[in-house]
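>>> Here is a sequence with its predicted model. Questions after.
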Amino acid sequence: MRESFFPEFDWYTVFVQPWSEYGVNSFWIVLMGFLVSGTCGLVGCFVVLRRMALVGDAISHSLLPGITLAFLLTNSRDTLPMMLGAIVAGVATVALIEAIRYSSRIKPDAAIGIVFSSLFAVGVILITAFADKVDLDAECVLYGELGFIPLQDVAMFGGMEIGPEPAIRMAIIALIAIVLLIAFFKELLVTSFDAGLAASLGINPTRYQYGLTLFLSIVIVSSFESVGVVLVIAMIIFPGATAMLLTDRLPTTLWLATLISALYALLGFHLATWLNASIAGGMTVIAGLIFGIVWAVAPNRGLIAKFAKRAPESERIALDAA
C-alpha cells in the first residue's frame, strides 16, 4: 500500500502531548519563535513601509562574513563580538548598495542583488576555508533549529535559573525594540512616509535609515543562530505585509503584526510536530498561509473585495455602452 505524503494526523499527539508531557520545552520553543517573529515583525513594519524589504534580505545574508570575521579575529562565539561583526557587515551592506545606486546607472534591485550575493559568497568561502578552525556551520546559519532551544545553556540571575540564554537574549532585544519604537515613533513615522517632510522638520532621514539598519542587524544576528536566516527573512516581511492589508493606521499595524507573529509561533510549532519537520519551516509555511488568506478576504484590499467593487463598475460601463 502506498504511503501517504502526509503522516496520519492525531489530535492528541499534535496538540495535547507537546504540552502535557513536554510542556516546559514546548513553552521555550514557542516563546523563542514568538520573540523572533514579533521583534522582526515590529522592525519589519518600518522596513516594508520604506520599501526596504529586499535590503532586509540583503542584510540577512550579508551578516555571514561579518560574524565569521568576528569569530576569526576574537576566536569567540560570545554575543558581543558577533553583534559587532554583524553591525559592521550591516552598515557595509547598506553603504555599498547606496554607493552603487548613486555612482552608477544600476537600479536599486540590481545593486541589492550584487551586494548581498557577493558578501554571502564571501562568508561561505570563509567558513569553508576555515572549517577546521571555525566552529560555525553554514546550514545552521541558514536554517537554525528552534527545537534545540531548551538544550542551550541556562541564563542565571541572582543565583536563579531564568531560562535558555538565546531566549533571554532575544527577550532583551525585544524589550529594547519596544523602548526604541516608543521613543522614536514620530521620527520613524515621518521618515518612513515622507523623507522630504522629515528633512523640512529638521529630522535627518539618512540617520534614521542607518539606525534602523543597525538595529535590524542586531535583531538578525540574535535570531538566526536559533532560527536561521530563512525564518528571519520571512518574519521581517510577512507580519508587516499581512497587517498592512488589514489597516491603514501604523499603530494598529504594529499591534496586528505582533498578534500575527504569535499565531506563526504557535501554529508553526504544531504543524512541525505533525509533520516531524523544521519548526522554523513550519512557522514560515503558516506565515505564507495566513498572508494568502488575508490577501483574499481583507475588507478593503483583499481580492474578493476588489472583485466585488469592480463588478458594479463593469455593469455600469456595459449599460452606458448599450
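Sure, I can see it.
>>> Now do the helices for the stretch 201-322 of the chain: every range, in order, please.
All helices of the stretch 201-322 of the chain, identified by DSSP state H, counting those that start in this stretch, fall at 205-244, 250-275, 279-297, 303-321.
>>> Most tightly packed of the ones you listed?
Most buried of the helices of the stretch 201-322 of the chain by mean neighbour count (mean count of other CB atoms under 10 Å) is helix 205-244; its value is a mean of 23. For every residue, glycine as well, the C-beta is placed using N, CA and C.
>>> quick one: that one to helix 279-297, angle?
With axes from the mean of the first three to the mean of the last three CA atoms, to 10 degrees applied, the angle from helix 205-244 to helix 279-297 works out at 70 degrees.
>>> average pLDDT for helix 205-244?
The average pLDDT for helix 205-244 rounds to 82.
>>> With adjacent residues omitted, what lies nearest to Arg301?
Distance criterion CB to CB, 6 or more residues apart in numbering; nearest residue to Arg301, sequence neighbours excluded, is Leu245 at 4.9 Å.
>>> re earlier: what's the closest of the helices of the stretch 201-322 of the chain to Phe6?
Nearest of those to Phe6, taken as CB to CB: helix 250-275 at 7.0 Å.
>>> which sections of the protein are below the confidence cut-off?
Where the chain drops to pLDDT under 70, the residues are 1-5, 77, 79, 131-144, 224-226, 229, 311-322.
>>> Okay, helices next: where are they in the stretch 1-150 of the chain?
Under DSSP H, counting those that start in this stretch, the stretch 1-150 of the chain gives helices at 11, 17-20, 23-49, 53-74, 79-103, 108-129, 138-143.
>>> got a list of contacts for the fifth one?
What it means is helix 79-103. Helix 79-103 is contacted from outside by 55, 58-59, 62-71, 73-74, 106-108, 111-112, 114-116, 119, 169, 209-210, 213-214, 216-218, 220-222, using CB atoms under 8 Å, 6 or more residues apart in numbering.
>>> Buried residues, that helix. List them.
81-94, 96-98, 100 (16 or more other CB atoms under 10 Å).
>>> likewise the second one?
For helix 17-20, a neighbour-count test (16+ other CB under 10 Å) marks Pro18 as buried.
>>> Please export the C-alpha coordinates of it as PDB.
Coordinates of each C-alpha in helix 17-20 appear next as PDB, following Å, rounded to 0.1, in the frame of the first residue of the first chain:
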ATOM      1  CA  GLN A  17       1.100  15.700  24.100                       C
ATOM      2  CA  PRO A  18       3.600  18.500  23.400                       C
ATOM      3  CA  TRP A  19       2.100  20.500  26.300                       C
ATOM      4  CA  SER A  20       1.100  17.700  28.700                       C
END
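>>> Residues contacting that helix, please?
Against helix 17-20 from outside (CB under 8 Å, 6+ apart): Ser26, Phe269, His270, Thr273.
>>> distance of Ala277 from Gly268?
10 Å (CB to CB, to the nearest Å).
>>> picking up where we left off before, tell me how many other residues crowd the residue nearest to Arg301.
18 (other CB atoms under 10 Å).
>>> For it, give me its contacts.
By CB under 8 Å, 6+ apart, the residues touching Leu245 are Val294, Trp295, Ala298, Arg301, Gly302.
>>> Reformat those into JSON lines and put distance to Lys309 next to each item.
JSON lines is the format used below for the contacts of Leu245 (distance: CB to CB, whole Å):
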{"residue": "Val294", "distance to Lys309": "17"}
{"residue": "Trp295", "distance to Lys309": "16"}
{"residue": "Ala298", "distance to Lys309": "13"}
{"residue": "Arg301", "distance to Lys309": "11"}
{"residue": "Gly302", "distance to Lys309": "11"}
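>>> closest to Thr128 among the residues you listed?
Trp295 (39.7 Å).
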